[in-house]
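Need the 3D shape of this:
(chains A, B and C)
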Amino acid sequence: MNHLTSACIDLLKEIRVKTPLIHNITNYVTVNDCANAILAIGASPIMADDIGEVEEIVSISSALVINIGTLNQQTITSMIAAGKKANELHIPVVLDPVGAGASSLRNKTTQEILSQVKIDVIRGNLSEISFVAGLKSSTKGVDTAEEDEKNDAVDIAKLIANKYTCVVGITGEVDVISDGIRVAKISNGNKLLSKVTGTGCMTSSLVGSFCGVTKDYYTAAVVGIATMGIAGEIAFLKAGAAGTGSFHIGIIDALSNMDGILFKERAKIDETQY
Amino acid sequence: MNHLTSACIDLLKEIRVKTPLIHNITNYVTVNDCANAILAIGASPIMADDIGEVEEIVSISSALVINIGTLNQQTITSMIAAGKKANELHIPVVLDPVGAGASSLRNKTTQEILSQVKIDVIRGNLSEISFVAGLKSSTKGVDTAEEDEKNDAVDIAKLIANKYTCVVGITGEVDVISDGIRVAKISNGNKLLSKVTGTGCMTSSLVGSFCGVTKDYYTAAVVGIATMGIAGEIAFLKAGAAGTGSFHIGIIDALSNMDGILFKERAKIDETQY
Amino acid sequence: MNHLTSACIDLLKEIRVKTPLIHNITNYVTVNDCANAILAIGASPIMADDIGEVEEIVSISSALVINIGTLNQQTITSMIAAGKKANELHIPVVLDPVGAGASSLRNKTTQEILSQVKIDVIRGNLSEISFVAGLKSSTKGVDTAEEDEKNDAVDIAKLIANKYTCVVGITGEVDVISDGIRVAKISNGNKLLSKVTGTGCMTSSLVGSFCGVTKDYYTAAVVGIATMGIAGEIAFLKAGAAGTGSFHIGIIDALSNMDGILFKERAKIDETQY
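Numbering: from 1, shown residues only, chains lettered A, B, ... in the order given. Predicted coordinates for the structure are as follows:
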């Protein structure tokens, strides 16, 4: 077991002891799954998006997750206000630029958030992160466009991590996480994860949950992303044959049963230098 | 196997190859199920309702589904703008007038959409469609009122189909689909479908999904509606005894496993002339 | 079997015969579960929050449930308008002050609703109800803060019940329900209920459902709360070992199978005088 995997296991234990409160400003499609994923891994979710309360809510939270999946004029204002408040109080902020590249509003909003709020972790698929990188991206809705696969995820992750002094997590067949210097690759997961809506959103909420218990956001991103990959593998074994409905429930089941032993058995985290 | 059933089976294959992007402006009650149903049948969902992006989102989509389940002033504007853009680009539009007849706002909105947007398929229960037909309707919330059962679904479907030059799908114990000339009746389904919220909404999203791969919206409506009926039967066999929670998950499971063989075995589609 | 348990069993039968329409103005996190819980117990849900229709929708409903879980400026206005209309028509109103104490907006809104709308049942956890009581409360997000456990739930329930001439339901390890004179304690439930989001919201929607078939709101609150506790126990036996995803589905399963026999077997309702 490498050092990084060992650090992940420590965080898995710590989160169930500390149950950090995680503030989510997120979309109405996958919000229930995000809340249940946060509870399953041992943290405590609060969803609040009205401008009249987001600053106060983030102030009592251990991390903020901003997800632009069904953004609108009201929630964009709240995202920025909550993000600024989080910055002021040194509360970590995770950004999930869902569908970045699919519309000018999503592009503009992503850039606006990045220019006004110090983001600690950005998590998205290769299409979304390529857009954030300013590379030509052809997002197909909220999923990764095939031609983006050619881009080198490691280079893009490092580029963005350095540009915004943050951690970048690009999820895909192999997940790539970088803080600009270190690069981790995770080979966990299952293809069926792309057939359930919200597995990306849940991953971002898990990353946010772990950011609530450590200042080492790189390891928080690694454990959050690896945990979802492992949950996908376990869910596939138990429920994949039944169909995507049972697989979906199996993901939450697996998250709620996640512990150091399971993680150690299954984690495929590689941190050679790239 | 009749010609219509055979055409449905072709679409079932085609959708998994083409994975069309389906734009949904829908309610926040059943949106997660709609997204998962769309994924399960082989298409790709995108939910977006802000006026700042709906025209752009619909432009990259293969179909638009408008569902007024939890309509509000903001989303109504977006529904009409997206619908007009879809018309301009010859992208098919499906309307689900959830709860039409239950409030003046829903009535007015349904009429406003129908007057400003060319709708390709309207799908609802008998109460909702009776209202759209201008017949006296006593909608009880979002479910079919008993007295509406007396109305002849075939006549109403034809009436509306001719009035709006569209396809009409009335779902109930026997589903009726008409393009004004042809009439199909589907005898699939299970009573428990009315005990899970969103089975109607999911059906509309499935119809929209199939509209994304063919210009034959009549067949798209038939296969979308039949698919949900068959999924309900399979879910009932596997999970009906456990309760409505497991049955709910079983619907998504069945949709994700749906193929030509299953469809051929179970479809009860009748297209004699009425 | 005591008299109160027997009265609960009568309501369990009655709700499946009458299928009352229950209007919910609620949050987008747990709304799907609330709708499915209402259907599972035998009532019929309608979710509507636009100011343009809430008064009309509540007018055709048998009860209104107001849940401030993801309140915003628009929905607050709708909550109050719908509540006033319900009062005018003698339709019962249930309030779930989700996260009261966590932000000024939630505090202010709770007080505003209580001052402008006659509430028939307030249901919350001890932190939320302590705040409503004006006692020093340290809400940790939307869950009960540990130090609140010291407060005596019975005293607080009675205090609030008398102050607002309503029924108060405080859910926790032991649930306490009071109308200011009578006090019932329910010892059903399972710890895992706190690991699934929305079990509190569902409980409020169940209480609202039973308020739709009786003017005895005290018994309605008791049966609604006891039903969720029993469902939690059954779900734990059937699915607890699998994880919180399966447990979540098991709750809806158990609600849909709930009847007088199951209720009689499991209900632990104590109504000695306190």
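
helix, strand or coil for A:Val98?
Taking DSSP: H, G, I helix; E, B strand; the rest coil as the rule, one finds A:Val98 in the coil state.

Leaving out the residues flanking it, which one is nearest to it?
Leaving aside its chain neighbours, A:Val98 sits nearest to A:Gly69 (4.0 Å; criterion: Cβ to Cβ, 6 or more residues apart in numbering or on different chains). C-beta coordinates here come from the backbone N, C-alpha and C atoms, glycine included.

I'd say the one you found and A:Thr26 touch.
Yes: A:Gly69 lies in contact with A:Thr26 (Cβ atoms under 8 Å); the separation is 6.6 Å.

Look at those two and report which has more neighbours.
A:Thr26 (31 against 25; other Cβ atoms under 10 Å in any protein chain shown).

which residues touch the more buried one?
A:34, A:47, A:49, A:65-67, A:69, A:96, A:201, A:205 (Cβ atoms under 8 Å, 6 or more residues apart in numbering or on different chains).

Could I get the contacting residues of the residue of the stretch 51-200 of chain A found nearest chain C?
Of all residues in the stretch 51-200 of chain A, the one sitting closest to chain C is A:Glu53 (3.9 Å; Cβ to the nearest Cβ). The contact partners of A:Glu53, taken as Cβ under 8 Å, 6+ apart, are C:103-106.

Ok, A:Ala48 next?
A:23, A:25, A:54, A:57, C:70, C:99, C:103.

mind checking pLDDT for it?
With respect to pLDDT, A:Ala48 has a value of 98.

re earlier: and the furthest pair within the contacts of A:Glu53?
Largest separation among those by Cβ to Cβ: C:Ser104 and C:Arg106, giving 7.4 Å.

Neighbour count for these two, which is higher?
C:Arg106 (27 against 10).

so which strand or helix has the more buried one?
Using DSSP states H and E, C:Arg106 sits in helix C:104-116.

Tell me the helix or strand right after that helix.
Next along the chain after helix C:104-116, taking DSSP H and E as the criterion, comes strand C:121-125.

Tell me if that next one is near chain A.
No: Strand C:121-125 stays clear of chain A (Cβ under 8 Å from any Cβ of the partner chain), getting no nearer than 12.8 Å.

Which secondary structure state does A:Arg16 sit in?
Secondary structure, three-state DSSP: A:Arg16 is helix.

Please verify my assumption that it contacts A:Leu39.
No: contact criterion Cβ under 8 Å: A:Arg16 and A:Leu39 do not qualify, at 11.0 Å.

Between the two, which is the more surrounded one?
A:Leu39 (24 against 13).

Now do the same contact list for the more buried one.
Contacts of A:Leu39 by Cβ under 8 Å, 6+ apart are A:45, A:256, C:195-197, C:244.

7 Å instead, please
Residues near A:Leu39 by Cβ atoms under 7 Å, 6 or more residues apart in numbering or on different chains: A:45, C:195-197, C:244.

ok, back up a step: between the contacts of A:Ala48, which has the most around it?
C:Gly99 (31 neighbours).

How about the backbone phi and psi for that one?
When read as degrees, to the nearest 10, the backbone of C:Gly99 gives phi 70, psi 20.

Would you confirm that it contacts C:Leu105?
No: the criterion here is Cβ atoms under 7 Å, and C:Gly99 misses it with C:Leu105 at 9.6 Å.

how deep is A:Val17 tucked in, by neighbour count?
Counted with other Cβ under 10 Å, A:Val17 comes out at 8.

Wait, A:Tyr164 touches A:Lys118, no?
No: counting by Cβ under 7 Å, A:Tyr164 stays clear of A:Lys118, with 8.1 Å between them.

Quick one: the strands in the stretch 151-274 of chain A, in order.
A:167-171, A:175-178, A:183-186, A:269-270 (DSSP state E, counting those that start in this stretch).

of all these, which lies closest to C:Ser178?
Closest among those, using Cβ to Cβ: strand A:167-171, at 49.6 Å.

so that closest one versus strand A:121-125, what angle?
20 degrees (axes from the mean of the first three to the mean of the last three Cα atoms, to 10 degrees).

Enumerate every residue touching the residue found closest to A:Glu56 once you drop the neighbours it is linked to in the chain.
Take A:Glu56 and drop its neighbours on the chain: the residue closest to it by Cβ to Cβ, 6+ apart is C:Ser103, 4.4 Å away. The neighbours of C:Ser103, taking Cβ under 7 Å, 6+ apart as the test, are A:53, A:56-57.

Dump those residues into TSV; add pLDDT and secondary structure as well.
Shown next, in TSV, are the contacts of C:Ser103 (pLDDT from 0 to 100; DSSP: H, G, I helix; E, B strand; the rest coil):
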residue	pLDDT	secondary structure
A:Glu53	97	coil
A:Glu56	97	helix
A:Ile57	98	helix
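
how about a markdown table for the strands of the stretch 151-274 of chain A, with mean pLDDT, distance to chain B and mean neighbour count added?
Output for the strands of the stretch 151-274 of chain A, formatted as a markdown table (pLDDT from 0 to 100; distance: least, Cβ to the nearest Cβ, whole Å; neighbours: other Cβ atoms under 10 Å in any protein chain shown):
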| stretch | mean pLDDT | distance to chain B | mean neighbour count |
| --- | --- | --- | --- |
| strand A:167-171 | 98 | 17 | 28 |
| strand A:175-178 | 98 | 21 | 28 |
| strand A:183-186 | 97 | 23 | 23 |
| strand A:269-270 | 96 | 28 | 19 |
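
Tell me which of those strands sits nearest to A:Ser127.
Per Cβ to Cβ, nearest to A:Ser127 of these: strand A:167-171, 9.8 Å.

Just the CA coordinates for that closest one, please, in CSV.
Presented in CSV, the C-alpha positions along strand A:167-171 are these (Å, rounded to 0.1, in the frame of the first residue of the first chain):
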residue,chain,number,x,y,z
VAL,A,167,-6.4,20.8,-7.1
VAL,A,168,-8.0,19.4,-10.3
GLY,A,169,-9.8,16.1,-10.6
ILE,A,170,-10.6,14.8,-14.1
THR,A,171,-12.8,11.7,-13.9
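
Leaving out the residues flanking it, which one is nearest to the residue of the stretch 101-250 of chain A found nearest chain C?
Of all residues in the stretch 101-250 of chain A, A:Ile249 sits closest to chain C, at 4.0 Å by Cβ to the nearest Cβ. Among residues not flanking A:Ile249 along the chain, C:Gly245 sits closest, at 4.0 Å (Cβ to Cβ, 6+ apart).

which residues touch that neighbour?
Contacts here follow Cβ under 7 Å, 6+ apart; on that basis C:Gly245 touches A:249-253.
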